[in-house]
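Student: one predicted model, sequence on top.
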Amino acid sequence: MRDQKRAVSGIIILITLSNFLISASAYIFKLICDQVDKMPDHAWTDSLVVFVVIFAAVRLIGNTLVSYYKEVKPQILLKTVENRFPAIAHWKYMILSLAYHNRFNVGEKISRIEKGYTRLESALGDLLIAMIPQSMFLLMNFALIIWQDWQLGLLFMFPFAPAAFLNYQVRKKFQPMLERVEMFKQERSGIISQSLLNIQTVKQYGQAATENNKVRMLSDRIRDLEIVIARKMQIYYSAISGLLEVFFCGTIVWAMVKCFRQELDWGTVIFISIVGGKMFHFLWMFIHCYVRFLKNMAAVEEVMKLLREKADIKSPKNAVRPGPLSDRIRYDNVSFSYDDFGRRDHEAAKIFDGLSIEIAAGRKTAIVGLSGVGKTTLLNLLCRYYDVGGGAITYDGVDIRRLDLDAFNKLFANVLQEPAIFDTTLRENICFPCRVVGDPKLASVNVTDKEIGEALMEAGFAEALGFDKGLDSMVGERGVKLSGGQRQRLELARAILAVRKGARILILDEPTSNLDPETEAVIHGAITRLRQEFNITVIAVAHRLSTIRDADKIIVLDAGQVLEEGTHNELMARNGKYAGFVNKQWLER
C-alpha cells in the first residue's frame with residue numbers, strides 16, 4: 001500500500017470527520033436535554049430551536065454524505081489492493097530460483113497467493129472500516145466524558161487498560177496456534193492439488209480412498225485446533241465483557257447519584273449513557289474484529305514471507321548483455337551441491353567437485369552417463385536455475401553471473417523429455433517464447449501465423465493445422481488432448497520458433513526417449529536442418545545412440561567428473577566406459 005498513502009490519508013480524514021459528527025450529535029442532544037430540563041413551562045426557546053436544527057443537520061450530513069464516502073472510499077482502496085496483490089505475488093514467484101520452488105508443491109504456492117489476497121482484503125477491511133473508526137470513536141468520547149466530569153471519565157476508562165492487556169494476551173497466546181492452522185491448511189491444499197494433478201495414477205492404483213483419508217485427517221486436525229482456539233478465546237471475551245459491563249453500570253449509577261445531589265446535569269447522564277453504550281458496543285466489535293484480524297494476518301504473514309524472500313539468482317548491476325555464442329562455454333573447476341539450496345533430501349550431496357569441460361560454439365556436444373551423475377544438473381547450472389557453489393561457468397569468457405539474466409535465457413531453446421504444455425491454445429503454446437511486453441498493459445507476439453505454420457511443418461506436426469479450431473484449439477492441462485508424440489513435436493515447433501527469433505543454443509534433454517522411431521526421425525531431421533541453417537550450438541543429454549552418434553564431442557560423466565570425451569568413433573576405439581554402454585545396449589540403438 002506504499003503508493004496508496006494519499007488514499008489512506010483521505011480515508012482517515014473521513015473516518016475522523018464521521019466520528020466527530022457522531023460524537024457531536026450526541027453532545028448536542030445532551031445540550032437539548034439540558035435546555036428542556038431548565039425550561040419552566042417546557043416552552044420552545046430560540047436556543048432550543050437552534051440546537052434542534054443543528055442536531056438534525058449534523059445527523060443528516062453524518063449519516064448520508066460523510067457516511068457514503070467513508071464506506072465507498074475504503075472499498076475502492078480494498079479492491080485496488082486485492083486485485084493488484086496476485087500480480088505482485090505471482091511476479092515474486094517468477095523471479096525466485098528453482099531452489100525455492102523445489103521446497104513447496106504447486107498447491108501450497110497457489111493456496112498461499114489465494115488465501116493471501118482474500119485474507120489481506122479482509123484484514124485491511126477490518127482495519128479501515130472497523131478498528132480504526134472504533135478506536136477514534138473511543139478516544140474522542142473518552143475526551144468528551146473526561147471534559148464533562150473527570151471522576152466519571154476515570155471510572156469509565158478504568159477497565160480499558162485490563163481489556164487491552166487481555167487482548168495482548170489473546171494475540172500472544174493464539175497467534176502461534178493460528179499460524180499452525182494456516183500451515184495445516186496449506187498442506188491440505190498441497191495434497192488436494194497433487195491428487196488432482198496425478199489423478200490418473202491415483203485411479204490406476206486404487207488410491208482414491210487413501211488420498212482422501214490424508215485430507216480428512218488433516219481436516220480433523222484443523223477442526224480440533226480451531227475448536228480449542230474458539231473455546232479458549234470465548235473465555236477471554238466473557239472476561240472482558242463482564243469487566244466492561246460492571247464498570248459501565250457503575251459509571252451510570254454514580255452519574256445518577258451525582259445528579260440527585262445536583263452535582264451533574266441529567267443531560268450529561270444521558271450523554272454518557274448513549275455514548276458509553278456505543279463505546280462498549282464499538283469496543284466489543286473491536287475485540288471481535290481484532291481476533292478476526294489476527295486470524296487473517298496469520299495467512300497474510302505466510303505471503304509476507306514470500307514477499308520477503310530474496311531472489312538469489314538475478315541480474316547484477318551493470319549486467320553484460322550477451323550476444324550469440326561465438327567461441328565457447330566453459331565449466332571451470334565447478335563445484336555444486338544441492339545442500340547449498342536447502343535440498344537435504346537429495347541423494348547426492350556433492351554433485352560436482354572441480355568439474356572442467358568446454359562446449360564449442362556451433363558444435364553439437366552430447367553428455368552421457370548413468371542416472372544421478374549430474375547430466376541434467378549440468379544444464380540447470382548453465383541456464384542459471386542454480387548458481388555454482390565454486391568455480392565459474394563462462395560464456396565467451398564472461399562469467400554467466402555477470403550477464404543480464406533475461407537476455408541470456410532468451411539465447412536458449414529447449415526440447416525436453418517431458419514437454420511443458422500449458423492449458424491454453426496451440427497458438428499460445430507454440431508462441432510462448434516469442435511474447436513481448438511493451439506497454440505494461442499490452443502484451444504482443446512477434447510472430448505470424450505463416451511462421452507458426454512453417455514451424456509446425458518442420459516439426460512434423462502439420463496435422464495440428466487441420467484440428468477443428470486450427471491454431472486456436474485447446475490442448476488441455478499438460479497437453480492431455482494430445483498424444484505423447486504430438487506433445488513432443490509441439491515443443492519442437494516452439495524451439496524452432498525460438499531459434500528463428502534469436503535463440504542460438506538448443507538444449508536436448510532426453511527428447512526422444514519415449515517416442516516411436518518415426519517421430520524420433522522427424523525430430524532429428526528438424527534439428528539437423530536448424531543446425532545447418534542457423535549454425536546453432538546443441539547440447540544433448542540422451543540415452544538413445546541416434547541422438548548422440550553424430551555429436552562433435554561426447555562427454556562421459558562418472559561420479560561428477562569427466563571420465564572420457566571424444567567423438568563416437570574415437571570413444572568406441574578406446575573400448576572404455578562409453579563403448580561398454582553401447583555394447584551392453586545401455587545406450588539404445
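Tutor: Alright, I've got the coordinates. Numbers count the residues shown, from 1 in each chain.

Student: any idea how many residues pack against Val81?
Tutor: Residues within reach of Val81, counting by other Cβ atoms under 10 Å, total 17. Where you see a C-beta, it was placed from the backbone N, CA and C, and this is true even at glycine.

Student: and it, helix, strand or coil?
Tutor: Three-state call for Val81 (DSSP: H, G, I helix; E, B strand; the rest coil): helix.

Student: would you agree it is in contact with Ser122?
Tutor: No - checked against Cβ atoms under 8 Å, the pair Val81 and Ser122 is beyond contact range at 11.5 Å.

Student: ok, Ala559 to Gln35 distance?
Tutor: Ala559 sits 97 Å away from Gln35, going by Cβ to Cβ, to the nearest Å.

Student: for the chain, spot the helix or strand the model is least confident about on average.
Tutor: strand 443-445 (a mean of 60; mean pLDDT, DSSP states H and E).

Student: heading C-terminal from that strand, find the next helix or strand.
Tutor: Next along the chain after strand 443-445, taking DSSP states H and E as the criterion, comes helix 449-458.

Student: now do that following helix, average pLDDT.
Tutor: The average pLDDT within helix 449-458 is 86.

Student: of Ala559 and Gln35, which one has the most company?
Tutor: When neighbours are counted by other Cβ under 10 Å, Ala559 and Gln35 differ, and Gln35 comes out ahead with 18 against 15.

Student: wait, a strand at the more buried one?
Tutor: No - per three-state DSSP, Gln35 lies outside any strand segment and is helix.

Student: which non-adjacent residue is nearest it?
Tutor: Leu48 (4.7 Å; Cβ to Cβ, 6 or more residues apart in numbering).

Student: neighbours of that neighbour, just the number please.
Tutor: 18.

Student: which residue ranges form the strands in the stretch 251-400 of the chain?
Tutor: 328-337, 350-360, 364-368, 390-395, 398-399 (DSSP state E, counting those that start in this stretch).

Student: for the ones you listed, give me a markdown table that also has distance to Ala540 and mean pLDDT.
Tutor: Shown next, in a markdown table, are the strands of the stretch 251-400 of the chain (distance: least, Cβ to Cβ, whole Å; pLDDT from 0 to 100):
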| stretch | distance to Ala540 | mean pLDDT |
| --- | --- | --- |
| strand 328-337 | 14 | 92 |
| strand 350-360 | 11 | 89 |
| strand 364-368 | 5 | 91 |
| strand 390-395 | 18 | 93 |
| strand 398-399 | 24 | 94 |
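
Student: can I get those strands in a markdown table including mean neighbour count?
Tutor: Conversion of the strands of the stretch 251-400 of the chain to a markdown table gives the following (neighbours: other Cβ atoms under 10 Å):
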| stretch | mean neighbour count |
| --- | --- |
| strand 328-337 | 19 |
| strand 350-360 | 18 |
| strand 364-368 | 24 |
| strand 390-395 | 19 |
| strand 398-399 | 14 |
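
Student: quick one: buried residues of the strand or helix carrying the residue nearest to Gln35?
Tutor: Under the criterion of DSSP H and E, Leu48 resides in helix 46-61. Across helix 46-61, burial judged by 16 or more other Cβ atoms under 10 Å covers 48, 51, 55, 58-59.
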